[in-house]
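this one's sequence-less:
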Ligand code: GLV
Ligand code: MN
Ligand code: MN
């Protein structure tokens, strides 16, 4: 029996710290934004570890990295596990990278113990999950599953005017394989929770039932550039004056949908961006999330009407551009049950929960049975350099991943019959 099998915790923790040195920041976090030099170094290191572990490493056209461990029945569909290596500009050591390195730990544990599985097992590192540099995020999984257009994503431009495809080629990760080339038997992603629930509930494992829906907007306020010193206040068409009112009303709208609504204005761009010129244009990003599609639709209508009303009031042009959206997702009962069986066998305190953060698993769930495992993170803090997860929880989660993968890669119906 494999019930006694456990991952090598020291090796996992050491690998996490080695990876965290790439793009390390003074406050103890990482900056490894997609397709940067640091992203390249992280990818190179991960791919090398996979090759040393005997995996066949493949790169597709959008830069997704797959590392395959053969199955006893190599004709069966692989069981996929992994996450992402890119980070926020002021990101932490665990967001994404934990899911990739825990997946590698699973494969190495199977190798060390000489255990073969019926299905092949594949590790994946998806490209540009964060969307911090090139929007939208979840690029690798979105293109892989056919929800985002490859050509459109390759043509996306960052704030410096650099093109996604040029940067992908520059770091050497524009592979030959067409994204979406194969199907999977199941997909499991492990991740830190990035919120405060598990810590507050004193649970070690979250069995994720689904992910809330999200909408990404650009709120575009267009007025008129004018001199900051000479233009009387009542003669200005000032985008900032409308923005203050709009943001306040969107916060109030969000309060109406407490405690689930989440409104974030994360990026502000003033044009021309000069201290002594009233801006001609102001573009403010809005990330809005809620678990209920009907509420997302209602909020969408409200945002448009707030924008119209307030911009009209002070003679501005107001535009709401929806640049990306993702409906709420429910994960497969097959995967949730496999995770639950592993948690029960290992005896960790656990709970079912919904994810507030977006994950590549959302897109995967449209093509294969998918599940997610969460572990607690300190003070629920993530997208922050101080992000922290306790070593014992990192190891516990990886053991749950190990047994979940063993379960899914050896389904009863495909196990050799005992004579
Ligand atoms: C992923 O990082 C998200 O924005 O939820
Ligand atoms: Mn992540
Ligand atoms: Mn993230």
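That came in fine, so what should we check first? What you see is a predicted model; the values in this text were computed from it and never measured. Ligands and ions are numbered 1, 2, ... in the order given.

give me every residue that touches the residue nearest to the spatial centre of the chain.
Compute the mean C-alpha point of the chain, and by CA atoms, centre = their mean the closest residue is residue 359, 3.8 Å away. Shown in contact with residue 359 (CB atoms under 8 Å, 6 or more residues apart in numbering): 83, 129, 138, 189, 191, 211, 372. Quick note: C-beta positions are derived from backbone N, CA and C, even for glycine.

now residue 343
205, 207, 350, 400.

Now with 10 Å, please.
203-207, 349-351, 373, 396-397, 399-400, 403-404 (CB atoms under 10 Å, 6 or more residues apart in numbering).

That one: what secondary structure?
helix (DSSP: H, G, I helix; E, B strand; the rest coil).

where in this structure is pLDDT low?
For the chain, applying pLDDT under 70 flags the ranges 1, 413-419.

buried stuff in stretch 354-368?
Buried residues in stretch 354-368, counting neighbours by 16 or more other CB atoms under 10 Å, are found at 354-365, 367-368.

Repeat that for stretch 109-121.
Those would be 109-110, 117-121, for stretch 109-121 by 16+ other CB under 10 Å.

Output these as a markdown table; include the columns distance to residue 301 and secondary structure.
Formatted as a markdown table, the buried residues of stretch 109-121 follow (distance: CB to CB, whole Å; DSSP: H, G, I helix; E, B strand; the rest coil):
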| residue | distance to residue 301 | secondary structure |
| --- | --- | --- |
| 109 | 51 | helix |
| 110 | 51 | helix |
| 117 | 49 | coil |
| 118 | 50 | coil |
| 119 | 46 | coil |
| 120 | 47 | coil |
| 121 | 45 | strand |
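
which of the residues you listed lies closest to ligand 2?
Comparing those against ligand 2 with CB to the ion places residue 121 closest, at 21.1 Å.

ok, that closest one - contacts?
55, 67-71, 78-81, 103, 106-107, 110, 185, 405-406, 408-409.

Need the nearest residue in space to it, chain neighbours excluded.
residue 69 (4.8 Å; CB to CB, 6 or more residues apart in numbering).

Does anything pack onto the helix or strand that residue 14 is a member of? Which helices or strands?
Using DSSP states H and E, residue 14 falls within helix 9-20. The helices and strands touching helix 9-20, judged by 3 or more CB pairs under 10 Å, 6 or more residues apart in numbering; DSSP states H and E, are helix 37-52, helix 97-113, helix 391-409.

Now rank the contacts of residue 359 by neighbours and give me the top one.
When the contacts of residue 359 are compared by neighbour count (other CB atoms under 10 Å), residue 189 ends up highest, at 32 neighbours.

Can you list the buried residues in the helix or strand hosting residue 320?
Element membership of residue 320 [criterion: DSSP H and E] is strand 317-326. Neighbour counts using 16+ other CB under 10 Å place 318, 320, 324, 326 of strand 317-326 among the buried residues.

residues in contact with the residue nearest to residue 121?
Shown in contact with residue 69 (CB under 10 Å, 6+ apart): 50, 53-56, 78-79, 106-108, 110-111, 116-117, 119-123, 409.

Out of the contacts of residue 359, list just those in strands.
83, 189, 191, 211, 372 (DSSP state E).

Redo those residues as TSV? Include distance to ligand 1.
Converted to TSV, those look like this (distance: CB to the nearest ligand atom, whole Å):
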residue	distance to ligand 1
83	11
189	12
191	10
211	9
372	12
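
Most widely separated two among these?
Greatest spatial distance in those: 83 and 211, 13.6 Å, computed using CB to CB.

which residues are in contact with both of those two?
Joint contacts of residue 83 and residue 211 (CB under 10 Å, 6+ apart) are 359, 361, 372.

Angles on the backbone of the first one, please.
Torsion angles at residue 359 (phi, psi; degrees, to the nearest 10) stand at phi -150, psi 160.

any idea how far it lies from ligand 1?
Going from residue 359 to ligand 1 by CB to the nearest ligand atom, to the nearest Å gives 7 Å.

doesn't residue 217 fall inside a strand?
Yes - the assignment for residue 217 by three-state DSSP puts it in a strand.

State the number of residues packed around the closest residue in space to it that isn't next to it in sequence.
Leaving aside its sequence neighbours, residue 217 sits nearest to residue 286 (CB to CB, 6+ apart; 4.3 Å). When counting by other CB under 10 Å, one arrives at 22 neighbours for residue 286.

quick one: which helix or strand includes residue 286?
Using DSSP H and E, residue 286 sits within strand 281-290.

quick one: the strands in the stretch 101-250 of the chain?
Applying DSSP state E, counting those that start in this stretch to the stretch 101-250 of the chain gives strands spanning 121-126, 186-192, 205-211, 213-222, 226-227.

what does this protein have sitting close to ligand 1?
Counting by CB under 6 Å from any ligand atom, the residues of the chain close to ligand 1 are 130, 357-358.
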